[in-house]
Structure formats: C-alpha cells, structure tokens
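1. Everything below, folded, please.
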Amino acid sequence: MRISTVRDFRDKATGMFRSKDPILVTRRGRLAGVFFPWQKTSLPIELKQDLFAMLTSEIARQIKSRGTSEKQILADFERWRKGRRETRRRR
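-> Numbers count the residues shown, from 1 in each chain. Next up is the predicted model:
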C-alpha cells in the first residue's frame, strides 16, 4: 500500500491509476481518500447501485444545506457552458 498527498496524487494521477497497489491519499497528514485499483473492465451492479445511492443522497444533502434549488444549479451550469463556448471561439 502506498501513501500519497493530495497534491502528489493530482500531479501523478495518470501513473498512479496504473498501479496495482492501493493508495492512501492524505491531506495535511489526515486521510482524504483511498484509491483501490480495479483490474476488471466493469464494476459489479451492486457496487454501482450502492455508489449511486451514496452519491445522490450526498448531493441532495449539500443542495439542501446550501439552500439552493435544482433550477439554480442548472442555470449556473448553463451560464458556465455558454461562457466556456465563447472562450473557445475567441482562440
């Protein structure tokens, strides 16, 4: 098992994703995440369902805690997309 800082993991992610060893990712000396390499080409359906449930409940919790709505988020995303398109056209 390897240990990496968030910055090191970010900077060397491509190489680390090829690793066969699990990697503990730390931020300021505390555990921030764990990377487990997956050798198969697909995740088991049960794991996909669990991940989906966890992520959707966390997103819903964050939306509620910030007092925002789905419409506001979609409008913000659309503004970002339009700005991004305009930036690309200028190049």
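2. quick one: what helix or strand has the residue most central in space within the chain in it?
-> In the chain, the centroid-proximal residue (Cα atoms, centre = their mean) is residue 55; its distance is 10.2 Å. Using DSSP states H and E, residue 55 sits in helix 45-66.
3. Convert the helix or strand just after that helix to PDB, retaining C-alpha atoms only.
-> Sequence order places helix 70-90 as the next helix or strand after helix 45-66, per DSSP H and E. The C-alpha coordinates for helix 70-90 follow below in PDB (Å, rounded to 0.1, in the frame of the first residue of the first chain):
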ATOM      1  CA  GLU A  70     -32.000  22.300  -8.900                       C
ATOM      2  CA  LYS A  71     -33.200  25.100 -11.200                       C
ATOM      3  CA  GLN A  72     -30.500  27.400  -9.800                       C
ATOM      4  CA  ILE A  73     -27.800  24.800 -10.300                       C
ATOM      5  CA  LEU A  74     -28.900  24.100 -13.900                       C
ATOM      6  CA  ALA A  75     -29.000  27.800 -14.700                       C
ATOM      7  CA  ASP A  76     -25.500  28.200 -13.200                       C
ATOM      8  CA  PHE A  77     -24.200  25.300 -15.300                       C
ATOM      9  CA  GLU A  78     -25.700  26.700 -18.500                       C
ATOM     10  CA  ARG A  79     -24.000  30.100 -17.800                       C
ATOM     11  CA  TRP A  80     -20.700  28.300 -17.300                       C
ATOM     12  CA  ARG A  81     -21.200  26.300 -20.600                       C
ATOM     13  CA  LYS A  82     -22.000  29.400 -22.600                       C
ATOM     14  CA  GLY A  83     -19.000  31.200 -21.200                       C
ATOM     15  CA  ARG A  84     -16.800  28.300 -22.000                       C
ATOM     16  CA  ARG A  85     -18.100  28.100 -25.600                       C
ATOM     17  CA  GLU A  86     -17.400  31.900 -26.000                       C
ATOM     18  CA  THR A  87     -13.900  31.500 -24.700                       C
ATOM     19  CA  ARG A  88     -13.100  28.700 -27.100                       C
ATOM     20  CA  ARG A  89     -14.400  30.800 -30.100                       C
ATOM     21  CA  ARG A  90     -12.000  33.600 -29.200                       C
END
